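Engineer: My questions are about this predicted structure, shown below with the sequence.
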Amino acid sequence: MTKQGIINNSTVDPNKILPMRYMWARQHYKDGVANNWTPEEVSMQQDVEHWKSNDVLSANERRLILWNLGFFSTAESLTANNLILSVYQHVTNPECRQYILRQAYEEAVHTDTFIYCCDSLGLDPDEIYNMYETIPSIKEKDNFVVNLTKSLMDPYFKTDTTENIQQFIHDLIGYYVIMEGIFFYAGFAMMLALKRQGKMIGIGEQFEYIMRDESIHLAFGCDLINTIIEENPEIWTEDFKQKVVGLIKEAVILEQQYAHDACPQGMLAINAKQFSDYVEYIADRRLERINLPKVYGKPNPFPWMSQATDLSKEKNFFETRVTEYQTAGSLEWGD
């Protein structure tokens, strides 16, 4: 167990960021800055018209929108609390901490996005923000992550032993790989599928920006996890690997149940099974990202999800906000 790595480093001065050791952390910070946005820059006028109209959205589509706003509105707060109250404490490397602060800001922007959406559409905040208690498949996902990340929220937990470092990796996987890397993606696909149909364009655009942020969060989290494992290889046992695979399989089942509950009858040209297949495709990519073998072998049923996060597209400056930056054109997104 190294005492001079990304955690447990008693030799590092957290106030001295130069010279940098983990340049990937610096790159993720710069990529996050390149994707900077705020919700108020996205017009919601058409969304308001769609929401008030009796002809644009079906009852199932309205329900789908409410469920996704309900899940994400509290999930973003859950991730921010994990990040600030725990992950930052244990990761002592200064360039990683700089990125974590950037991510915390982005979580605040995401939280503000759902406030903006609720206010714009005139939704009942008690209904939206209590869905994590009133909708079983949302509650089960949130409870799963809370149970996975208990040690992160324990004020007395320290990453000072092999067993505790292993527990820390377990919790980071629960937070970054499962919550941000799997539990968010069926919802992303649903909202972007609506946008592709010309419905609720403003919310869809904001979900695109959130997805871009989350892709960088996921990349940072996986690099953090892989670096800790590289510096502490004794924790990456076969038993532990199988435990991680088992957790991801459980997460896939929960996300598939949410997909079926939120969109039971599907939408135009998309059915609940395709959302379920997409979750399995995403899970395989997450497994590969932390150097574990694929489980499901499903092709991507929604190739357009990659296009939704392609920052190389150009927009007319006088027609819409410039949201794509050349400095972010080479990013690999986590869809």
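Structural biologist: Now that the structure is in, tell me what you want to look at.
Engineer: Which other helices and strands does the strand or helix carrying residue 75 contact?
Structural biologist: Using DSSP states H and E, residue 75 sits in helix 59-82. Packing contacts for helix 59-82, counted by 3 or more CB pairs under 8 Å, 6 or more residues apart in numbering; DSSP states H and E, involve helix 94-121, helix 125-129, helix 131-134, helix 136-148, helix 185-196, helix 238-262. In short, each C-beta sits where N, CA and C put it, glycine included.
Engineer: Please name whichever of the ones you listed is nearest to residue 56.
Structural biologist: Checking the helices and strands packed on helix 59-82 against residue 56 by CB to CB gives helix 185-196 as the closest, at 10.4 Å.
Engineer: Give me the contacts around that closest one.
Structural biologist: Here helix 185-196 makes contact (CB atoms under 8 Å, 6 or more residues apart in numbering) with 61, 64-65, 68, 71-72, 200-201, 203-205, 207-208, 210-211, 255-256, 258-259, 262-263, 267-268, 270, 275, 278-279, 282, 302, 304-305, 308, 335.
Engineer: Kindly list the main-chain dihedrals of residue 270?
Structural biologist: As for residue 270, its main-chain torsions (degrees, to the nearest 10) stand at phi -130, psi 130.
Engineer: and if you look at residue 7?
Structural biologist: phi -130, psi 170.
Engineer: List the residues that contact it.
Structural biologist: Residue 7 touches 90-93, 159, 165, 168, 228, counting by CB under 8 Å, 6+ apart.
Engineer: now residue 164
Structural biologist: Per CB under 8 Å, 6+ apart, neighbours of residue 164: 151, 157-158.
Engineer: Residue 93 now?
Structural biologist: For residue 93, the contacting residues are 6-7, 9, 12, 14, 21-22, 25, by CB under 8 Å, 6+ apart.
Engineer: Can you lay out those residues as JSON lines showing distance to residue 216 and pLDDT?
Structural biologist: Shown next, in JSON lines, are the contacts of residue 93 (distance: CB to CB, whole Å; pLDDT from 0 to 100):
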{"residue": "6", "distance to residue 216": "18", "pLDDT": "92"}
{"residue": "7", "distance to residue 216": "21", "pLDDT": "89"}
{"residue": "9", "distance to residue 216": "24", "pLDDT": "78"}
{"residue": "12", "distance to residue 216": "24", "pLDDT": "82"}
{"residue": "14", "distance to residue 216": "22", "pLDDT": "79"}
{"residue": "21", "distance to residue 216": "20", "pLDDT": "94"}
{"residue": "22", "distance to residue 216": "15", "pLDDT": "97"}
{"residue": "25", "distance to residue 216": "11", "pLDDT": "98"}
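Engineer: Are any of those residues buried, and if so which?
Structural biologist: For these, a burial check counting by 16 or more other CB atoms under 10 Å picks out 6-7, 9, 21-22, 25.
Engineer: Pull the number of nearby residues for residue 264.
Structural biologist: When counting by other CB atoms under 10 Å, one arrives at 12 neighbours for residue 264.
Engineer: For residue 84, see how far away the residue lying closest to it once chain neighbours are set aside is.
Structural biologist: Nearest residue to residue 264, sequence neighbours excluded (CB to CB, 6 or more residues apart in numbering): residue 272, at 6.3 Å. Applying CB to CB, to the nearest Å, the value for residue 272 to residue 84 is 35 Å.
Engineer: Between those two, which has more neighbouring residues?
Structural biologist: Per other CB under 10 Å, whichever of residue 272 and residue 84 has more neighbours is residue 272, with 18 against 15.
Engineer: show me the residues around that one that make contact.
Structural biologist: Neighbours of residue 272 in contact, by CB under 8 Å, 6+ apart: 259-260, 263-266.
Engineer: And residue 76, by the same measure?
Structural biologist: Contacts of residue 76 (CB under 8 Å, 6+ apart): 107, 110-111, 114.
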